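Enquirer: Sequence and computational prediction follow.
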Amino acid sequence: MYNIRIVCVFFFCMGVWMGGAKRCYAQEKKQVLAERQRYRQGLRHELKGEIQLSGAFALYPMAVKWAEEFRKIHPKVRIDISAGGAGKGITDALAKVVDLGMVSRDIYPQEIVRGAFPIAVVKDAVVPTINSENPLIQQILAIGLKREVAQDLWLHTTAKTWGDVLGTESTIPVHVYTRSDACGAAETFAAWLEAQQEDLEGTAVFGDPGVTSVVQRDKIGIGFNNIAYAYDINTKKPYRHITVCPLDLNGNGRIDPEEDFYETSTQLNAAIAEGKYPSPPARNLFLVANGIPEKPEVLAFLEFILTDGQQYASEVGYISLSTELLEEELLKLQSK
């Protein structure tokens with residue numbers, strides 16, 4: 001009986017300790033966030049300077065929107081943004097050519113060692129795109145694209161015709177497009193295919209806008225794009241002559257109702273948020289600095305993005321991050 005009492009007291013004390021630790025962490029988190037809020041308010045009327053960003057096409061439209069809204073609060077801060085691919089973003093950030101690199105892929109361990117300081121800011125996905133005037137468009141939409149068939153298109157190059165893609169007798173050739181620049185879209189799409197960007201075959205095209213353009217002109221072409229370059233930001237529907245090729249996720253040879261969520265970017269984003277669309281090709285997007293930013297205007301911009309800026313994500317066609325992840329990212333900035 002004495003031993004039982006000791007064990008009970010032990011577990012009771014452990015429970016009290018763990019509960020106290022959780023409360024301490026929660027209190028610390030609230031304190032940090034409150035301090036950051038006071039810091040932002042203090043800078044509201046005095047902030048000035050310049051912020052430079054470069055990198056992923058995937059994040060460019062969202063970054064432009066954030067910059068527009070941020071400058072309404074801080075008109076003396078100038079923000080320059082240029083797109084050139086995730087590879088350029090991470091390179092420029094590590095070289096301190098820019099304050100923040102826009103990166104649409106996970107950050108490599110060797111980049112962390114070199115000083116990369118990533119902040120997750122929003123979420124989107126890569127989707128396969130085809131021409132809406134493809135002569136077999138109805139069959140494609142009904143059957144969809146299996147991952148194994150996508151591997152035959154971009155990796156093995158054994159799918160030469162749309163008949164190979166659809167499992168029919170069609171001899172219409174299929175023109176495959178990939179990216180020529182080091183980018184998160186290609187790396188993320190390749191990850192879905194269980195490969196790497198350098199493994200992807202096809203006619204190489206520079207940038208997201210480039211892929212959209214060639215697929216719009218090629219009725220029998222297929223490529224892949226970030227959501228922002230497949231769907232019109234205003235109508236939420238695919239761009240003219242573009243159709244998003246649905247993924248046959250369960251591999252049963254047809255697109256079931258629960259797999260059919262591509263008519264608008266709103267529907268697709270909801271599917272991503274609910275986990276119906278796989279990750280990859282869905283993924284978080286990052287802003288990366290070389291070490292924790294020291295410039296007050298850069299810190300304030302990041303904090304704006306992780307707080308008030310999240311409300312603009314759906315407007316521009318992205319998915320906002322979860323509350324838990326936003327709090328984690330804000331805590332990374334606590335030393336400033």
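Expert: Looks like it came in fine.
Enquirer: biggest strand in this structure by residues?
Expert: strand 116-131 (DSSP state E).
Enquirer: And the contacts of the helix or strand that that one is followed by?
Expert: Downstream of strand 116-131, the first helix or strand assigned by DSSP states H and E is helix 137-143. Residues from elsewhere that reach helix 137-143, judged by Cβ atoms under 8 Å, 6 or more residues apart in numbering: 130, 134, 162, 165-168, 243, 245-246, 248, 253-255. To be clear about C-beta, it is placed using only N, CA and C from the backbone, and glycine gets the same treatment.
Enquirer: and if you look at stretch 293-313?
Expert: So stretch 293-313 is in contact with 36, 39-40, 43, 47-51, 62, 65-66, 69-70, 73-74, 77, 79, 99-100, 117, 119, 121-122, 287, 289, 319-321, 326, 329-330, 333, 336, going by Cβ under 8 Å, 6+ apart.
Enquirer: re the thing from before, buried subset of the contacts of helix 137-143?
Expert: 130, 134, 162, 165-166, 243, 245-246, 248, 255 (16 or more other Cβ atoms under 10 Å).
Enquirer: Rebuild these as a markdown table, extending it with pLDDT, secondary structure and distance to Ala271.
Expert: Converted to a markdown table, these look like this (pLDDT from 0 to 100; DSSP: H, G, I helix; E, B strand; the rest coil; distance: Cβ to Cβ, whole Å):
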| residue | pLDDT | secondary structure | distance to Ala271 |
| --- | --- | --- | --- |
| Ile130 | 98 | strand | 19 |
| Asn134 | 98 | coil | 23 |
| Trp162 | 98 | helix | 26 |
| Val165 | 98 | helix | 23 |
| Leu166 | 97 | helix | 23 |
| Thr243 | 98 | strand | 17 |
| Cys245 | 98 | coil | 15 |
| Pro246 | 98 | coil | 11 |
| Asp248 | 98 | coil | 14 |
| Ile255 | 98 | coil | 13 |
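Enquirer: And those residues, which is closest to Gly223?
Expert: Ile130 (8.0 Å; Cβ to Cβ).
Enquirer: Among the contacts of stretch 293-313, which ones are in strands?
Expert: 49-51, 77, 79, 100, 117, 119, 121-122, 287, 289.
Enquirer: Asp256 reaches Asn250, doesn't it?
Expert: Yes: the pair Asp256 and Asn250 qualifies as a contact (Cβ atoms under 8 Å) at a distance of 6.9 Å.
Enquirer: quick one on the thing from earlier: mind giving me the ChimeraX select for the contacts of stretch 293-313, buried ones only?
Expert: Typed into ChimeraX, the next command selects the buried ones out of the contacts of stretch 293-313 (criterion: 16+ other Cβ under 10 Å):
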select :36,40,43,47,49,51,62,65,66,70,74,77,79,99,100,117,119,121,122,287,289,319,320,321,326,329,330,333
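Enquirer: got the contact list for the residue lying closest to Val174 once chain neighbours are set aside?
Expert: The shortest distance from Val174 to any non-neighbouring residue, by Cβ to Cβ, 6 or more residues apart in numbering, is to Trp162 (5.2 Å). By Cβ under 8 Å, 6+ apart, the contact set of Trp162 is 134, 136, 140, 168, 170, 172-174, 220.
Enquirer: which of the residues you listed are buried?
Expert: Applying 16+ other Cβ under 10 Å to those flags 134, 136, 140, 170, 174, 220 as buried.
Enquirer: Same list (those residues) but as CSV, adding distance to Leu200.
Expert: Shown next, in CSV, are the buried ones among the contacts of Trp162 (distance: Cβ to Cβ, whole Å):
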residue, distance to Leu200
Asn134, 21
Leu136, 23
Ile140, 21
Ser170, 24
Val174, 15
Ile220, 19
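Enquirer: Ranking helices and strands of the chain by mean pLDDT, which lands last?
Expert: Taking mean pLDDT, DSSP states H and E as the measure, the chain has helix 2-43 as its least confident helix or strand, at a mean of 48.
Enquirer: and Gly184, how many residues sit next to it?
Expert: Applying other Cβ atoms under 10 Å, we find 31 residues neighbouring Gly184.
Enquirer: roughly how far apart are the closest residue to it other than its chain neighbours and Asn284?
Expert: In this structure, Gly184 finds its nearest non-sequential neighbour in Ser104, 2.7 Å apart by Cβ to Cβ, 6+ apart. Ser104 sits 9 Å away from Asn284, going by Cβ to Cβ, to the nearest Å.
Enquirer: now Gly85
Expert: For Gly85 relative to Asn284 (Cβ to Cβ), the value is 17 Å.
Enquirer: more neighbours, those two?
Expert: A count of neighbours by other Cβ under 10 Å puts Gly85 above the other of Gly85 and Asn284, at 27 against 20.
Enquirer: gap between stretch 219-238 and the chain center?
Expert: For stretch 219-238, the separation from the chain centroid amounts to 15 Å (computed by Cα atoms, centre = their mean, to the nearest Å).
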